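S.K.: make a model of this:
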Amino acid sequence: MSPIEKKYFGLNRLFQRLKKTDRLLLVGFLIAVVLTVFSLILMPRFFYQSPKIEYSNQIQIQAEPQPHYRHPLTGISVYEEVQSPQVFGVMIDNHEDAWPPSGVEDAFLVIEAPVEGGISRMLAFFSEEQEVEKIGPVRSARPYFLDWANELDAVYTHVGGSNTALDLIASGGTFDLNQYWWGDYFWRSTDRYAPHNVYTSTKLLNDYYGFREKQGEVSERLYGLWKFKDHEFLTETVSTIQIDFSASVSVVDWVYDSQTQTYERSQFHKPHLASSGKQIKADNVAIVITEINVMDSIGRLEIRTQGEGQAFVFQDGQRIEALWKKPSQTQRLTFYDLKNNEEIFMNAGVTWIEVISSNLMIK
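M.R.: Residues are numbered from 1 along each chain as shown. Reported below is the predicted structural model:
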C-alpha cells in the first residue's frame, strides 16, 4: 500500500471513530473554509468594477489676463507699463478750405483756440506708438500754442508761423519741426490748394525725432500726468454744448451720446467729419475761459495760457464747474472741481480742450 493510501485510510478510520455530532461539526468547518477561500479569491472577479472615466466635449477656457496699467497719456487700460512716450503736437488747419481734416480723430488730445480771422486752429497731440498715416493740413505756429506743446515735451510741428511765435521758438525751450527747414518730413497733396495741403504722419514724425536723437539733440521727458478714471453710467445728462468762437461765425457743438458715452462734434451745425468719414468724438470736453486780446492790425491774438481761471469739464453727460490751473510754461494744464477743490479725474480716452474768451458764449 502506498503512503498516500495509508494516509487516506488513516484519516478514514479517524473520521469513523468520531461521534456523529463531531463529524457534522468537522464537515461544517471544512465547508466554511472552502466558502471563505472562494469568496476571497474568486468572487472579486464578479464584483470588481473598473474606474469610471467621464468624457466631456466642453472646452476649458482659461480666463484672459486683465490689464493692470493705464496708458500715461490716455488713461486707457494696457497690459504692460508704458513710461513717458514721446509726444508730437501738430498744428491743424480749421479753415473751411481745409476740410475735412486728416488724423485729428486719432489724436489723444486736441487743444482748440481762436486765431485771426474769426476762426480756430487746433493743436493735435499724438503718441509715438500710434500709427497715423496722414495728419493735417498742417498750418503755421502761434505763440500761445507753444505753452501747451511744451507742457508735454512735444515736438511742435508747424509750417512757418507768426513772427512772435518764431522768435519764441528760436529763443529755445520748444522742440519744434518746421516744414520750412525740414521739408522731407512733410508732403503736399494735389487735391487742394496751398496753404491748406501740407501733411505729415506719425512715421515721419518718429523718423525726425530719431534723427535728432542720434544727434544728441533731445532731452529727458518730464511732463506731468493727469489722473484718469473709467466712464460712469449716469441718468441725468447735459446733452449739448455749444461754443461760439467768433460771434456765430465759427460755431462748435458737442452732443453727448449716452450709448457710446462720448461727445460727437459738429461745426457750422453739421457733423464734423474727418477725411476717414468718421465723426470726431471725445470722451472729455473741457472749456478754458481766459483773457484774449488782439495784438496787431492783422488781428493776431494774445491769449493768457498760464495762471488759473474759470473752466467747465463735460464728461459722462455731466457738467462740472471747475478751475483751470497752469502754473508755468512747462507745467501741465489741469482742472479742479470747484465743489471740493480736488483735481478732476478725466475719462480714459480722448480729450478736447476748447479755449475761449470770457465774452464768448457757451450754451
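S.K.: tell me the secondary structure for residue 349?
M.R.: Recorded secondary structure, residue 349: coil (DSSP: H, G, I helix; E, B strand; the rest coil).
S.K.: and the pLDDT at the nearest residue to it once chain neighbours are set aside?
M.R.: Excluding the flanking residues, the one nearest residue 349 by Cβ to Cβ, 6 or more residues apart in numbering is residue 283, at 3.4 Å. The C-beta positions use only the backbone N, C-alpha and C, and glycine is treated the same way. Here, the pLDDT recorded for residue 283 equals 98.
S.K.: where are the low-confidence patches of the protein?
M.R.: The model of the chain has pLDDT under 70 over residues 1-63, 246-249, 360-363.
S.K.: and it, what are its domain boundaries?
M.R.: 69-214, 228-362 (automatic domain parsing).
S.K.: between the ones you listed, which one is closest to residue 221.
M.R.: domain 69-214 (4.5 Å; Cβ to Cβ).
S.K.: distance of the residue positioned nearest the centre of the chain relative to residue 66?
M.R.: Residue closest to the mean C-alpha point of the chain, counted by Cα atoms, centre = their mean, is residue 76 at 2.7 Å. Using Cβ to Cβ, to the nearest Å, residue 76 is found at 14 Å from residue 66.
S.K.: what's the residue nearest to the centre of the chain sitting at in phi/psi?
M.R.: phi -70, psi 140 (degrees, to the nearest 10).
S.K.: wouldn't it be in contact with residue 350 here?
M.R.: No - using Cβ atoms under 8 Å, residue 76 is not in contact with residue 350; the gap is 9.7 Å.
S.K.: counting by contacts, list what the helix or strand hosting residue 126 packs against.
M.R.: Assigned by DSSP states H and E, residue 126 belongs to strand 119-127. Counting contacts by 3 or more Cβ pairs under 8 Å, 6 or more residues apart in numbering; DSSP states H and E, strand 119-127 packs against strand 87-92, strand 109-115, helix 143-150.
S.K.: picking that back up, out of the domains of the chain, nearest to residue 220?
M.R.: Going by Cβ to Cβ, the one of those nearest residue 220 is domain 69-214, 8.4 Å.
S.K.: out of the domains of the chain, which gets nearest to residue 222?
M.R.: For these, proximity to residue 222 was assessed by Cβ to Cβ; domain 69-214 is nearest, at 6.7 Å.
S.K.: most packed of the domains of the chain?
M.R.: Highest mean neighbour count of the domains of the chain: domain 69-214, a mean of 19 (counted as mean count of other Cβ atoms under 10 Å).
S.K.: and that domain, end to end?
M.R.: Start-to-end span of domain 69-214 (Cα to Cα, to the nearest Å) is 30 Å.
S.K.: the closest residue to residue 358 other than its chain neighbours sits in which helix or strand?
M.R.: Distances taken as Cβ to Cβ, 6+ apart place residue 289 nearest to residue 358, at 5.2 Å, with adjacent residues excluded. Here residue 289, judged by DSSP H and E, is contained in strand 284-290.
S.K.: show me where the stretch 201-350 of the chain has its strands.
M.R.: Along the stretch 201-350 of the chain, counting by DSSP state E, counting those that start in this stretch, strands occupy 228-229, 240-244, 251-257, 262-267, 270-271, 281-282, 284-290, 292-294, 301-303, 307-315, 318-326, 334-337, 346-347.
S.K.: residues in contact with the last one?
M.R.: Meaning strand 346-347. Strand 346-347 is contacted by residues 75, 226-231, 261, 283-284, 313, 315-316, 335 when judged by Cβ atoms under 8 Å, 6 or more residues apart in numbering.
S.K.: same check, this time on stretch 238-255
M.R.: With Cβ under 8 Å, 6+ apart, stretch 238-255 has contacts from 112, 114, 118-120, 256, 263-269, 272, 282, 285, 287, 314, 317-319, 352, 354, 356, 360-363.
S.K.: can I get the CA coordinates of it in CSV?
M.R.: Output in CSV follows, covering the C-alpha atoms of stretch 238-255 (Å, rounded to 0.1, in the frame of the first residue of the first chain):
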residue,chain,number,x,y,z
VAL,A,238,-26.4,117.6,-20.3
SER,A,239,-26.9,116.6,-23.9
THR,A,240,-25.4,119.6,-25.8
ILE,A,241,-22.5,122.0,-25.5
GLN,A,242,-22.4,125.0,-27.9
ILE,A,243,-19.4,127.3,-28.3
ASP,A,244,-19.5,130.4,-30.4
PHE,A,245,-15.8,131.2,-31.2
SER,A,246,-16.5,134.4,-33.1
ALA,A,247,-20.0,135.8,-32.9
SER,A,248,-21.5,132.8,-34.5
VAL,A,249,-19.0,132.9,-37.4
SER,A,250,-17.5,129.7,-36.1
VAL,A,251,-19.9,127.6,-34.0
VAL,A,252,-18.9,124.3,-32.4
ASP,A,253,-21.4,121.8,-30.9
TRP,A,254,-20.7,118.8,-28.8
VAL,A,255,-23.6,116.4,-28.5
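S.K.: many thanks, we can stop here.
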